[in-house]
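Q: Output the structure for:
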Amino acid sequence: MLKCKKKTDGHTLRRWELALLLGVALAALAGGALGAEQSALADKVIRLHVIANSDSPADQALKLQVRDRILSEVGDLFDQGLTQEEAEAAITAELGRLAAAGAEMVEEAGYGYPVTASLEENVWFPTKGYQDFALPAGEYTALRIVIGEGGGQNWWCVVFPPLCLGSVTETTAETAAAAGFSEDEISLITGENEGYVVKFKAMELWDRFCAWIDGL
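A: Here you go, the predicted structure:
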């Protein structure tokens, strides 16, 4: 029986080496496609990132109180049909007020931590699933709220489109559509296509693999 052999520089590739090369090639193709989908979503999304002072139970509970206050404050910032750039401008104009609202919540809870608010680009988020949607790992623009030393576990969601504000009049799909999401993008984040969380995890693993390669 004939056996297929590949040679390069006089070296015969073993079967496991061929399988490894094929696996890397397929992962590269899949990773490129998934990365393009994440980049398209990132151009339409602003994440919310609230970082606690520490991991103590009290500071973690305070983080959630500040989160609720921030979500309440940003709820009225966005008009129907706003683009991401317009949403960024609206948030930037209100950063001082958002930081003050967070600090007020901290003071009401009996603490003296400072609170900062900033809008930052290229903030990395892991794959994250919520009640009725999920977003893939990758870099996003984010509204970052830091409480005190910012040394505790963080909480993240989406501030634009207002998918984490719990609208009683719109579904997630309707809120996303109003922000310019395509039907395919809505299907992707809401899980209408089976296996979407697995797909997002594959994207996250691919990003980590690329980071490992870059570090060699």
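
Q: Check which helix or strand Ala101 maps to.
A: If you go by DSSP states H and E, Ala101 is part of helix 95-108.

Q: correction: Leu71
A: Applying DSSP H and E, one finds Leu71 within helix 57-74.

Q: list the helices and strands the helix holding Ala101 packs on?
A: On a contact count with 3 or more Cβ pairs under 8 Å, 6 or more residues apart in numbering; DSSP states H and E, helix 95-108 meets helix 57-74, strand 115-125, strand 138-147. C-beta here means a position set from N, CA and C on the backbone, and glycine is covered the same way.

Q: Provide the strand pairings for the last one, with the direction of each partner.
A: For strand 138-147, the paired strands and their directions (DSSP bridges) are strand 46-51 (parallel), strand 115-125 (antiparallel).

Q: In TSV: those, plus mean pLDDT.
A: Formatted as TSV, the strands paired with strand 138-147 follow (pLDDT from 0 to 100):
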stretch	mean pLDDT
strand 46-51	94
strand 115-125	94
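
Q: Of those strands, which stretch is the most buried?
A: Sort the strands paired with strand 138-147 by mean neighbour count, taking mean count of other Cβ atoms under 10 Å, and strand 46-51 sits at the top with a mean of 22.

Q: Run through who's touching that strand.
A: Applying Cβ atoms under 8 Å, 6 or more residues apart in numbering, the contact partners of strand 46-51 are 63, 66-67, 70-71, 84, 87-88, 91, 119, 123, 125, 135, 140-147, 150, 152, 154-160, 164.

Q: Which of those residues are buried? Put it as a ChimeraX command.
A: Selecting only the buried entries of the contacts of strand 46-51 in ChimeraX, with 16 or more other Cβ atoms under 10 Å as the criterion:
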select :63,66,67,70,71,84,87,88,91,119,123,125,135,140,141,142,143,144,145,146,147,150,152,154,155,156,157,158,159,160,164
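
Q: Same list, the strands paired with strand 138-147, but as JSON lines with distance to Pro57 please.
A: JSON lines is the format used below for these (distance: least, Cβ to Cβ, whole Å):
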{"stretch": "strand 46-51", "distance to Pro57": "16"}
{"stretch": "strand 115-125", "distance to Pro57": "19"}
